[in-house]
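Undergrad: pasting the sequence and the predicted model now:
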Amino acid sequence: MFIIRWKWHLLIIGVLAAVSAMIFSGPSFIKPKFKSTVILFPSNTNSVSKALLGGVEEQQDVLKYGEEEQAEQMLQVLNSDDIRDRIIEKFDLMDHYNIDPKGNYPVTRVRKEYESNITFERTEFMSVKIDVMDEDPELAAEIANNISDLLDSMKTKIQKERALQAFKIVEASYNDKVKRLNEVEDSLQILRSKGIFDYDEQSKIYEEEYTKAVAVYENEKASLPILMKYNKESDSIVVNTKARIDGAEAKMKNMKHELDNLAKYGGANVTMNQEMGWARKAVADLRERYAKAKIDLDQSLSSKFVVNRAIKAEKKAYPVRWLIVVFSTLSALFLGVLLLIGVESYAQFKKSKA
């Protein structure tokens, strides 16, 4: 009954509100904006060497989509100052947003405009959505796609800084081990020049030969007086026996010299051979790490899977005029009803007083 009593007033209020909303939501008052969207999935791969050359336990699937953790990391990179400032500079957004660079707080103002027009959001499917709103639909698409492209370069830059540090550490360690291996090989070469090749094998052979020479020397030395008793000194049997004694004595001296030489340098030979084994194993291990660190430094994989690239929008996304008109009209009618209730209440109050 109340609405029927005031129907013409409410109709006028509604019509005026709707017409005003249509006028003031038009392009003359609110410039339309177009939205471009890029949808990305983060990758699950960080290290190229682990993904392609790692063992069974550490190998990563380069085709696997990232999960919540990778999506959050991607959002952090997208919200970084570096990407924001590079986009502002590349597209001259300060001039595009009509911000006077000599005015008050130009950097703060352009950053606020950037944040109000460019948003990043994680979807329920663990993808990341980049939305760019702008009055120029082509520029909105370009900015969205450029942000997507900068994501790889930004993440690569962060990873390369750490990869370079790791590479330098591995390289220094590798070079030290190679240098030490060369020193050990040089030392072994010097020992070889002194006749020391294999301590265990040589000591075994020299001891056997020395023992044989001693046995021959003692046997022949013992038989010589008996032979000389029954034979002349010029007889061949005596001459040959003396020759065998001299040969055995010479061999004993030679083997003694070799054993002394082996005793002098054999310990160093054993130590150097052991160290060379360790050094070669360390160099082989570090060579593999060095190769992987160099791959991580020189090569990179994309950190994203692009599901949708941004395209030039054909239809404006803001403002939604019908929504503005509907809410404005409903709000005006609601306020009109409250106002008319107040008018009726005031009239009844005056009447009761009279």
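TA: In hand now; what should we look at?

Undergrad: so who does Ile99 touch?
TA: Ile99 makes contact with 106, 109-110, 113, according to CB atoms under 8 Å, 6 or more residues apart in numbering. Where you see a C-beta, it was placed from the backbone N, CA and C, and this is true even at glycine.

Undergrad: just the buried residues of the residues you listed.
TA: Buried by 16 or more other CB atoms under 10 Å: 109-110, 113, out of the contacts of Ile99.

Undergrad: assumed Ile311 was part of a strand.
TA: No - assessed by DSSP: H, G, I helix; E, B strand; the rest coil, Ile311 does not belong to a strand; its assignment is coil.

Undergrad: domains in this structure, by residue range?
TA: Domain assignment of the chain by automatic domain parsing yields the ranges 32-162+302-325, 167-298.

Undergrad: dump these to CSV, plus distance to Val337 and mean pLDDT.
TA: Shown next, in CSV, are the domains of the chain (distance: least, CB to CB, whole Å; pLDDT from 0 to 100):
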stretch, distance to Val337, mean pLDDT
domain 32-162+302-325, 19, 80
domain 167-298, 69, 80
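
Undergrad: quick check: which of those domains is nearest to Gly336?
TA: domain 32-162+302-325 (15.9 Å; CB to CB).

Undergrad: how long is the closest one from one end to the other?
TA: Domain 32-162+302-325 has an end-to-end distance of 15 Å (CA to CA, to the nearest Å).

Undergrad: any idea how far Leu11 lies from Met255?
TA: Distance of Leu11 to Met255, given as CB to CB, to the nearest Å: 129 Å.

Undergrad: and these two? which has more neighbours close in?
TA: Met255 (20 against 12; other CB atoms under 10 Å).

Undergrad: what is the one helix or strand Leu164 maps to packed up against?
TA: Leu164 is part of helix 137-193, with elements assigned from DSSP states H and E. With contacts defined as 3 or more CB pairs under 8 Å, 6 or more residues apart in numbering; DSSP states H and E, helix 137-193 has these neighbours: strand 34-42, helix 68-78, helix 81-90, strand 128-134, helix 236-298, strand 304-308.

Undergrad: wait, a strand at Gly103?
TA: No - per three-state DSSP, Gly103 lies outside any strand segment and is coil.

Undergrad: which residue packs closest to it, ignoring adjacent ones?
TA: Arg109 (7.8 Å; CB to CB, 6 or more residues apart in numbering).
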